[in-house]
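Trainee: Below are the sequence and a predicted model for it; my questions follow.
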There are 2 protein chains.
Amino acid sequence: MARATAAEATTTSSERILAAATSAFAELGFRGTTTRDIAARAGMSPTAMYVHHRSKEELLYAISLVGHQRLLAAIQEASAQGVTPTQRLGSVALTFGAWHAERNVQARVVNYELLALTPEHYGEVAQLRHGIDTVFRSIVAAGVATGEFDVDDVSMACVSLASLGVDISRWFRSDGEWSTEQVAAHYRDNALRIVGARGQAGSAARE
Amino acid sequence: MARATAAEATTTSSERILAAATSAFAELGFRGTTTRDIAARAGMSPTAMYVHHRSKEELLYAISLVGHQRLLAAIQEASAQGVTPTQRLGSVALTFGAWHAERNVQARVVNYELLALTPEHYGEVAQLRHGIDTVFRSIVAAGVATGEFDVDDVSMACVSLASLGVDISRWFRSDGEWSTEQVAAHYRDNALRIVGARGQAGSAARE
């Protein structure tokens, strides 16, 4: 019983530090953040913090790794929910757009602080980003093959799809004019228009 | 003659400092950059630097102000080059996309470090950003009015157009796979697709 409580306390401290590091990195940038900033936001001493994480870069790595793993799993699951390329892209875009709106603070760290990772850690995260790109790429290529999509350059189209989703995390604010759902649905419609999904270019794409 | 040379030297130093600050802010973030970093990149002493700029924030303000002024002027000129909303959006998008690719280092500072400005400086820059938004908004609204565009929500469409352009500055590298011209043309085609420009959804949009 005492052990379970200690384990719980450890988890909570670790999660508190990760949440504190995420908010500090998003607001001040990785290089503009000190370990002291993170400890203060987590409400603990720098010494107590070092029990859980060895360095600022280890924290960024943990945030980047978990963020990318969860995003990849979510869009793989979304992709499996559709049959046709149009359905699959619609489902993936809805998930990708919602993720970047809802988790905009985490997404800013995950997307804009990549180059502060060590080369080894960057390599691991780059593999996950490649996995995310592969989900988009396989759907767009399938849509071109079935004639559902009208795309000249699959790579360029996929960069645009990722790009439009990523930038949501820069401008979206949860207390703003639009809900996560509205932004995600709009991004989904734009994604279908970008790939020239047949019958999706007009109001047919909207629910 | 001596005075002209002195004036030239002053201009050069000031430009060198601005270029150094731009590269430092883009690479290290505003908060991760010290005035010492900027002076070192400009090849001068911090004391010599203070002759030209009073603070790090003054440098960011100068970069942001000039960057936004030039971008606004460029897209206003581009907008005037077309007659129909489709032509105007095509021309503006080509300019907006090329600007974010070609000047990607400057554009990263201009778009991602806004919140480090003082409230007064932020207010001035926000007015310029509003002017940029107005260019897109007037074209999209005109295209909806003439029936050339198919857009449910003009504000949301304009956010997406700006968003897809801004994000080019995050991922574009001048030594990468694609040229500035290719990226700008692709962005232009996507912009026309996003607004549902009639007859532009397919390969007709491509040159």
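Mentor: It's in.

Trainee: Could you work out the end-to-end span of stretch A:113-124 for me?
Mentor: 15 Å (C-alpha to C-alpha, to the nearest Å).

Trainee: where exactly do the helices run in chain A?
Mentor: Using DSSP state H, the helices of chain A run over A:2-28, A:35-42, A:46-52, A:56-80, A:85-102, A:104-112, A:119-146, A:154-166, A:168-171, A:180-194.

Trainee: Present the ones you listed as TSV; the columns should include mean neighbour count.
Mentor: Where C-beta positions appear, they are placed from N, C-alpha and C, glycine not excepted. Output for the helices of chain A, formatted as TSV (neighbours: other C-beta atoms under 10 Å in any protein chain shown):
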stretch	mean neighbour count
helix A:2-28	15
helix A:35-42	18
helix A:46-52	14
helix A:56-80	18
helix A:85-102	23
helix A:104-112	22
helix A:119-146	16
helix A:154-166	22
helix A:168-171	20
helix A:180-194	23
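
Trainee: Can you tell me the number of residues neighbouring A:R103?
Mentor: By other C-beta atoms under 10 Å in any protein chain shown, the residues close to A:R103 number 19.

Trainee: and it, how far is that from B:R36?
Mentor: 36 Å (C-beta to C-beta, to the nearest Å).

Trainee: quick one on the thing from earlier: worst average pLDDT in the helices of chain A?
Mentor: Lowest mean pLDDT within the helices of chain A: helix A:2-28, at a mean of 79.

Trainee: show me the contacts for A:R173.
Mentor: Contacts for A:R173 were tallied using C-beta atoms under 8 Å, 6 or more residues apart in numbering or on different chains; they are A:N104.

Trainee: what are the phi and psi angles of it?
Mentor: Dihedral pair for A:R173: phi -130, psi 130, per degrees, to the nearest 10.

Trainee: Please determine how far it is located from B:V154.
Mentor: 20 Å.

Trainee: With A:A145 instead?
Mentor: 35 Å.

Trainee: ok, now how distant is the residue nearest to A:S14 when sequence neighbours are not counted from A:T12?
Mentor: Leaving aside its chain neighbours, A:S14 sits nearest to A:H52 (4.9 Å; criterion: C-beta to C-beta, 6 or more residues apart in numbering or on different chains). Between A:H52 and A:T12 the computed distance is 11 Å (C-beta to C-beta).

Trainee: Ok, A:Y50 next?
Mentor: 17 Å.

Trainee: Up against chain B, what does chain A have?
Mentor: A:28-33, A:111-112, A:150, A:152-153, A:155-156, A:159-160, A:163-164, A:166-168, A:170-171, A:177-178, A:182, A:186-187, A:190, A:193-194, A:196, A:201-203, A:206 (C-beta under 8 Å from any C-beta of the partner chain).

Trainee: Now do the contacts for the closest residue in space to A:E113 that isn't next to it in sequence.
Mentor: Residue nearest to A:E113 in three dimensions, not counting chain neighbours: A:F30, with 4.5 Å by C-beta to C-beta, 6+ apart. Neighbouring residues of A:F30 by C-beta under 8 Å, 6+ apart: A:56, A:60, A:109, A:113, A:116, B:29, B:32.

Trainee: Could you chop chain A up by domain?
Mentor: Per the record, chain A has its domains at A:1-53, A:55-205, by automatic domain parsing.

Trainee: Kindly reformat those domains as CSV and extend each row with distance to B:G97.
Mentor: Formatted as CSV, the domains of chain A follow (distance: least, C-beta to C-beta, whole Å):
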stretch, distance to B:G97
domain A:1-53, 26
domain A:55-205, 11
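
Trainee: Of these, which is nearest B:F96?
Mentor: Nearest to B:F96 among these is domain A:55-205; the distance by C-beta to C-beta comes to 13.5 Å.

Trainee: List the residues that contact the nearest residue to A:L71 once chain neighbours are set aside.
Mentor: Leaving aside its sequence neighbours, A:L71 sits nearest to A:W99 (C-beta to C-beta, 6+ apart; 5.6 Å). Counting by C-beta under 8 Å, 6+ apart, A:W99 makes contact with A:71, A:74, A:107.

Trainee: pretty sure the first one contacts A:D133?
Mentor: No. Taking C-beta atoms under 8 Å as the contact criterion, A:L71 and A:D133 are not neighbours in contact, 11.7 Å apart.
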